[in-house]
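>>> Give me coordinates for this.
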Amino acid sequence: QVQLVESGGGLVQPGGSLKLSCAASGFTFSGRAMSWYHQAPGKEREVVAAINSAGGTTTYADSVKGRFTISRDNAKNTLYLEMSSLKPEDTAVYHCNSVPAFVIGTMTYWGQGTQVTVSS
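Predicted structure coming up:
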């Protein structure tokens with residue numbers, strides 16, 4: 001079955017950096033476009049960045065352009081998000097998912113996510 005395991009989050013000071021990882025299994029990772037999403041407290045989940053199946057095309061939300069880099073290693077079935085120049089407004093739970101997101105039954109599948117907190 002589909003499994004997405006996010007890791008790499010933590011507490012970081014403004015201006016700092018983090019690298020998130022998403023280990024994927026249960027599907028053909030190299031055949032799917034993937035995205036990173038974040039959800040801040042009290043807000044809707046939104047797309048942060050996306051990458052095509054081969055890794056050659058990426059897109060970013062305006063709020064993270066020039067600061068975040070999405071990448072993937074299809075040999076390792078792993079998606080990455082390198083975050084730099086972090087701001088307090090980047091504080092959120094970060095999830096990865098396929099594009100479109102996986103649906104199991106009638107529910108969209110989400111992993112446990114990884115918490116990123118940017119604070120001094």
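
>>> what sits opposite the residue nearest in space to the middle of the chain in the beta ladder?
Centrality entry for the chain: nearest residue to the mean C-alpha point is Trp36, 2.6 Å, by C-alpha atoms, centre = their mean. In this structure, Trp36 has the following beta-bridge partners (DSSP bridges): Ala49, Cys96.

>>> could you list every residue that touches it?
When the contact criterion is C-beta atoms under 8 Å, 6 or more residues apart in numbering, the partners of Trp36 are 20, 22, 47-50, 68, 70, 79, 81, 94-96. Just so you know, the C-beta spots here come from the backbone N, C-alpha and C atoms, and that holds for glycine as well.

>>> Just the pLDDT at it, thanks.
Listed pLDDT for Trp36 reads 98.

>>> Repeat that for Val99.
At Val99, the pLDDT recorded in the model is 89.

>>> Could you do the one 10 residues further on as well?
Taken from the predicted model, the pLDDT recorded for Tyr109 is 93.

>>> how much space is there between it and Glu44?
18 Å (C-beta to C-beta, to the nearest Å).

>>> Pick out whichever of these two has more residues nearby.
Tyr109 (16 against 7; other C-beta atoms under 10 Å).

>>> roughly how far apart are the closest residue to that one other than its chain neighbours and Gly55?
The shortest distance from Tyr109 to any residue that is not its chain neighbour, by C-beta to C-beta, 6 or more residues apart in numbering, is 4.1 Å, and that residue is Phe102. According to C-beta to C-beta, Phe102 and Gly55 sit 20 Å apart.

>>> I appreciate the help and will end here.
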